[in-house]
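Trainee: sequence and predicted structure, then a few things I'm wondering about:
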Amino acid sequence: MFVEREASTGEGTSQERRGSGQNESRILGHVVQCDGARAVISAFANDGGTGSGHWTVGKMISINLGGSRTVGLVYAIDKSDRAWDAAGSNPIEVCVELVGEVRDGDAPGAKPVFDRGITNYPHIGAIAHRIRSRDLEAVYDLAGRRAITIGNLSQDEAIDANIAIDDTLARHFAIVGTTGVGKSTAVSLLLRKSLAARPDLRVLILDPHNEFAASLPEYCVRVDATSLDLPFWMFRLEEFTEVLFRGREIDPEEVDMLRDLIPVAKNLYRNPQSGTFLRRGADTLTADTPVPYRIADLLKQIDERIGLLDSKADRPALKSLRTRIEQAAADPRYRFMFNSRLIEDSIHETIGNIFRVPHYGRPVTCFEMAGMPSEVVNSVCSVLARLAFDLALWSEGKLQLLLLCEEAHRYMPADPRLGFAPTRHALSRIAKEGRKYGCYLGVVTQRPGELDPTILSQCSTFFAMRLANEADQAIIRSAIADSSASSLAFLSSMGQREAIAFGEGVATTMRLKFERLDDSLLPGAAKRKVGEPEGDDANVDLAAIVEKLRNVPKPQTSAMAFSEPVATTVQAGDAGYRKPASPRIQPDTDFDMRYGLKPTTFGMRPQNE
């Protein structure tokens with residue numbers, strides 16, 4: 001390891017100016033070539049009897065120039081004749097990438113100062129030696145910026161690895177790495193440290209694997225398909241259309257009809273006596289205005305259009321649209337959109353619950369998407385991303401929001417023909433303009449090559465963990481901006497919890513090892529504990545699994561008197577499978593088998609009798 005710890009304080013000479021009494025074994029070699037960005041050092045592998053362990057790829061060394069020390073990163077070691085002499089000397093060439101220079105402070109005893117730029121380049125014959133601990137600390141010093149400690153340097157575990165938390169958040173960040181290297185654990189660690197340093201921060205995690213809630217139990221609330229309350233009228237036209245067509249090809253004619261009919265339904269909710277007359281002016285309603293309306297009013301307008309004599313050509317499209325709306329409203333998987341019997345303006349409560357305003361000590365929302373229909377996930381993510389930006393914008397900086405996208409390549413694929421365009425646009429807007437208003441973006445992905453390059457280019461701080469794919473490595477190499485690009489040559493061979501951090505959040509490119517989290521706080525720890533094999537299937541509840549698979553609420557005998565309750569644990573042919581018929585009860589007059597309520601009363605406030 002190229003670090004010399006200062007064991008005593010009795011050294012009379014300055015930190016780097018060599019005295020005659022200093023140990024000569026600290027000399028590693030001499031500069032024989034320099035081109036401004038890189039240098040070649042001539043040395044002997046077994047000089048001084050210390051062996052070849054001094055020269056190791058990935059370590060930093062120091063080149064003494066008198067008043068300053070040039071810092072270099074070893075990226076290659078070569079022996080030109082490819083032969084080894086066990087008895088004699090073995091000359092080698094060490095290739096070093098120049099990172100910056102360290103200068104002593106002006107005041108006596110002041111800490112060294114690191115600068116990325118190089119004013120004095122190494123001359124031929126300059127001495128290369130192990131870097132001192134003080135100089136290594138100066139290289140990664142954040143110059144007074146608010147810092148959090150996330151681990152230790154891989155080169156010297158005694159030195160903390162710090163990042164500037166404000167710059168990391170405000171300028172967006174990305175964590176990339178292949179599966180199984182600890183990305184989710186690194187995300188949990190960063191969130192814990194960030195919340196401790198920034199108590200005003202709100203975090204919304206798009207969690208496709210339902211694993212982060214267990215790692216942040218004291219900070220987060222869980223929102224899933226059963227607890228989410230996101231009314232359909234908060235969706236924009238494109239998002240609502242995606243729900244209706246369920247990922248299939250969209251019919252432009254039906255979309256145009258919705259664009260005309262939804263404002264009429266919204267106007268009927270606000271002004272029941274106005275009929276189909278739409279006002280024009282500053283208070284005009286559009287299909288994208290987040291104002292409540294009733295599905296019954298929308299269906300009523302479609303029925304009226306079907307009955308008009310001059311709409312014969314439009315009847316097939318109108319009937320198809322009506323069927324789509326009825327099916328979506330009756331689908332039990334979409335209960336989070338259509339479940340409310342009472343349509344009211346609940347936008348304040350919805351936004352407050354999702355974005356934790358007020359947070360009541362739990363500023364993190366884990367939006368668990370594993371149980372949500374795949375055809376509606378893109379629309380919901382689009383709504384949440386759009387609301388996050390608008391909330392930060394109109395709060396005038398009073399709300400600081402972080403939107404963390406796990407498996408980000410699912411929402412922002414590199415191929416523009418894939419994915420959902422409104423989701424891409426909402427996330428792109430946060431990436432490009434969010435930091436001005438306090439809305440930040442965190443990107444987590446195992447395939448940076450499949451991620452939209454526009455999004456990735458807006459992330460100013462990267463934590464690159466092990467990447468095996470050559471195309472993914474090339475994407476990360478193109479993102480690094482400083483002179484430490486050679487450090488990314490180790491991307492395919494890094495260990496668990498190791499990462500290379502570069503960008504605005506660190507002083508210079510840094511290879512680090514994240515802190516170890518307690519096993520109970522690892523993402524997905526609860527699921528792994530439950531899923532441990534026990535040798536038999538006695539604990540497998542097939543009936544519960546099928547119940548979740550169907551995702552259909554159990555029938556209520558009081559309201560669903562026209563059907564027989566069926567036991568889910570008794571199969572056909574078993575004794576007692578058929579239960580005696582229960583007495584028939586006259587159904588409620590407010591019930592309609594099409595989607596639960598009569599169109600004339602759907603969403604209306606109950607009348608006081």
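Mentor: Good, I have the coordinates. Residues are numbered from 1 along each chain as shown.
Trainee: mind listing what's buried in stretch 330-348?
Mentor: The neighbour-count criterion (16 or more other CB atoms under 10 Å) identifies D331, R333, Y334, F336, M337, F338, I343, S346 as the buried residues of stretch 330-348. C-beta here means a position set from N, CA and C on the backbone, and glycine is covered the same way.
Trainee: and the closest residue to the fifth one other than its chain neighbours, how far from R132?
Mentor: In space, M337 comes closest to F232 once its chain neighbours are excluded; the distance is 4.4 Å by CB to CB, 6 or more residues apart in numbering. F232 sits 64 Å away from R132 when distances are taken as CB to CB, to the nearest Å.
Trainee: for the helix ranked longest in the chain, buried residues please.
Mentor: Identified as the longest helix of the chain according to DSSP state H is helix 374-394. Within helix 374-394, the residues that count as buried by 16+ other CB under 10 Å are 376-393.
Trainee: pLDDT on stretch 67-81, on average?
Mentor: The predicted model gives stretch 67-81 an average pLDDT of 86.
Trainee: what comes up buried for it?
Mentor: S68, R69, T70, V71, G72, L73, V74, Y75, I77.
Trainee: closest to E211 among the residues you listed?
Mentor: Nearest to E211 among the buried residues of stretch 67-81, counting by CB to CB, is L73 at 35.5 Å.
Trainee: name the nearest residue to the closest one, ignoring sequence neighbours.
Mentor: Here the residue nearest L73, using CB to CB, 6+ apart, is E97, at 4.8 Å.
Trainee: looks to me like the one you found is in a helix.
Mentor: No: read with DSSP: H, G, I helix; E, B strand; the rest coil, E97 is strand and lies in no helix.
Trainee: thought it was touching I41?
Mentor: No: taking contacts as CB atoms under 8 Å, E97 lies outside contact range of I41: 11.8 Å.
Trainee: more crowded one of these two?
Mentor: I41 (26 against 19; other CB atoms under 10 Å).
Trainee: show me where pLDDT drops low in the stretch 201-350 of the chain?
Mentor: Residue ranges of the stretch 201-350 of the chain with pLDDT under 70: 273-283, 309, 340-342.
Trainee: that one: helices as residue ranges?
Mentor: Using DSSP state H, counting those that start in this stretch, the helices found in the stretch 201-350 of the chain span residues 237-245, 252-270, 295-307, 315-330, 335-338, 347-355.
Trainee: among the ones you listed, which is nearest I430?
Mentor: So among the helices of the stretch 201-350 of the chain, helix 347-355 is nearest, using CB to CB, at 13.6 Å.
Trainee: buried ones in the closest one?
Mentor: Neighbour counts over helix 347-355 (16+ other CB under 10 Å) mark T350, I351, N353, I354, F355 as buried.
Trainee: where in this protein is pLDDT low?
Mentor: 1-26, 46-54, 273-283, 309, 340-342, 480-487, 525-538, 548-609.
Trainee: nearest residue to the residue most central in space within the chain other than its sequence neighbours?
Mentor: Centroid-nearest residue in the chain, with CA atoms, centre = their mean: C405, separated by 2.7 Å. In space, and not counting its chain neighbours, C405 is closest to L206: 5.1 Å by CB to CB, 6+ apart.
Trainee: ok, S62 next?
Mentor: I131 (4.1 Å).
Trainee: what strand or helix carries the one you found?
Mentor: According to DSSP states H and E, I131 maps onto strand 127-132.
Trainee: and that strand, what other elements does it pack with?
Mentor: Applying 3 or more CB pairs under 8 Å, 6 or more residues apart in numbering; DSSP states H and E, we find strand 127-132 packed against strand 3-4, strand 27-34, strand 60-64, strand 68-78.
Trainee: can I get that strand in CSV, CA atoms only?
Mentor: The C-alpha atoms that make up strand 127-132 are tabulated as CSV, following Å, rounded to 0.1, in the frame of the first residue of the first chain:
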residue,chain,number,x,y,z
ILE,A,127,11.6,10.9,-7.3
ALA,A,128,8.4,8.8,-7.0
HIS,A,129,7.6,7.5,-3.6
ARG,A,130,4.7,6.3,-1.4
ILE,A,131,2.1,9.0,-0.7
ARG,A,132,1.9,10.2,2.9
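Trainee: which strands or helices does the helix or strand that it is followed by pack on?
Mentor: Sequence order places helix 133-139 as the next helix or strand after strand 127-132, per DSSP H and E. Using 3+ CB pairs under 8 Å, 6+ apart as the contact definition, the elements that helix 133-139 packs against are strand 3-4, strand 60-64, strand 68-78, strand 91-103, strand 113-115.
Trainee: what ranges does the stretch 401-550 of the chain have for its strands?
Mentor: 439-445, 461-464, 498-503, 510-514 (DSSP state E, counting those that start in this stretch).
Trainee: in the first one, which residues are buried?
Mentor: Going back to what we said before, that points to strand 439-445. Result for strand 439-445 [16+ other CB under 10 Å]: buried residues C439, Y440, L441, G442, V443, V444, T445.
Trainee: was I right about the fourth one contacting E406?
Mentor: No: at 9.0 Å, G442 and E406 do not qualify as touching, with contact defined as CB under 8 Å.
Trainee: now the common contact residues for the two.
Mentor: V187 (CB atoms under 8 Å, 6 or more residues apart in numbering).
Trainee: how about the residue nearest to M369 when sequence neighbours are not counted, what does it touch?
Mentor: Residue nearest to M369 in three dimensions, not counting chain neighbours: P208, with 5.0 Å by CB to CB, 6+ apart. Applying CB under 8 Å, 6+ apart to P208 gives the contacts M369, A370, V377, E406, E407, R410.
Trainee: can you check N152 too?
Mentor: Applying CB under 8 Å, 6+ apart, the residues near N152 are A158, I159, D160, A161, L512, K513, E515.
Trainee: can you name the residues bridging to it?
Mentor: D160, K513 (DSSP bridges).
Trainee: much appreciated, bye for now.
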